[in-house]
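In: model this:
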Amino acid sequence: MTTPEQRLSELGLELPAPIKLPETLHLPFAFINIHGSRVFISGHPKQLPDGTIGGPYGQVGAQLTTEDAQLAARDVALSMLANLKAEIGELSRVAGWLRVFGMVNSVPGYDLQHVVINGFSDLIIEVFGPEIGRHARSAIGVAGLPMNFAMEIEAELQLYDN
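Out: Alright, predicted model coming up:
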């Protein structure tokens, strides 16, 4: 059976380094919070290869096109996987993706948030397969996000019992 890490390699994708926050940024919460076999993943932006925060910034429909935002959502998935892997060791420990919640900083009247977040969902299903990667999901538009992020995506997962 192919592992998620092997599938990423087959797709020619690499995970960035785990997130590195600026020294001036205080976040009193965990990006990955594990309780038993449940994993709660805080809202993630995109990370650059070295783990630093990489946006994207601005509003979809103004500074970003739908296509640009969809590709960025795919990158957010890679960032989330990098931080998850750093916390749990192997991505094959994931028994199921339960829920994904995507917030898209978008201009008034923009109504393609679901298409943007498809970039995230499609990659998760591509990497984990439909049985593990399939998830419930919401995608909403918001008037703004912290640090002017164009999107922030969070998730809930189930791990295999050890």
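In: By residue count, what's the longest strand in this structure?
Out: Longest strand in the chain, counting residues (DSSP state E): strand 94-105.
In: where does this protein dip in pLDDT?
Out: Scanning the chain for pLDDT under 70 picks out 162.
In: Show me which helix runs longest in it.
Out: Across the chain, the helix with the greatest residue count (assigned by DSSP state H) is helix 66-88.
In: Which residues are in contact with residue 51?
Out: By C-beta atoms under 8 Å, 6 or more residues apart in numbering, residue 51 lies in contact with 16, 17, 18, 19, 20, 82. All C-beta atoms are positioned from the backbone trio N, CA, C, and that covers glycine.
In: Only whichever of those residues are buried, select them in ChimeraX.
Out: Buried residues within the contacts of residue 51, by 16 or more other C-beta atoms under 10 Å, are selected in ChimeraX with:
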select :16,18,19,82
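In: farthest-separated two in the contacts of residue 51?
Out: Across those, the longest distance by C-beta to C-beta is 11.0 Å; it joins 20 and 82.
In: residue ranges of the helices in this protein, please?
Out: Under DSSP H, the chain gives helices at 4-10, 66-88, 113-133.
In: List the buried residues in the second one.
Out: Okay, so that is helix 66-88. Neighbour counts over helix 66-88 (16+ other C-beta under 10 Å) mark 66, 68-85, 87-88 as buried.
In: Check the spacing between residue 102 and residue 14 real quick.
Out: 23 Å (C-beta to C-beta, to the nearest Å).
In: higher neighbour count, those two?
Out: residue 102 (25 against 10; other C-beta atoms under 10 Å).
In: what number of residues lie near the nearest residue to that one once chain neighbours are set aside?
Out: Spatial nearest neighbour of residue 102, chain neighbours left out: residue 117 (3.5 Å); criterion: C-beta to C-beta, 6 or more residues apart in numbering. The local packing of residue 117 (other C-beta under 10 Å) involves 26 other residues.
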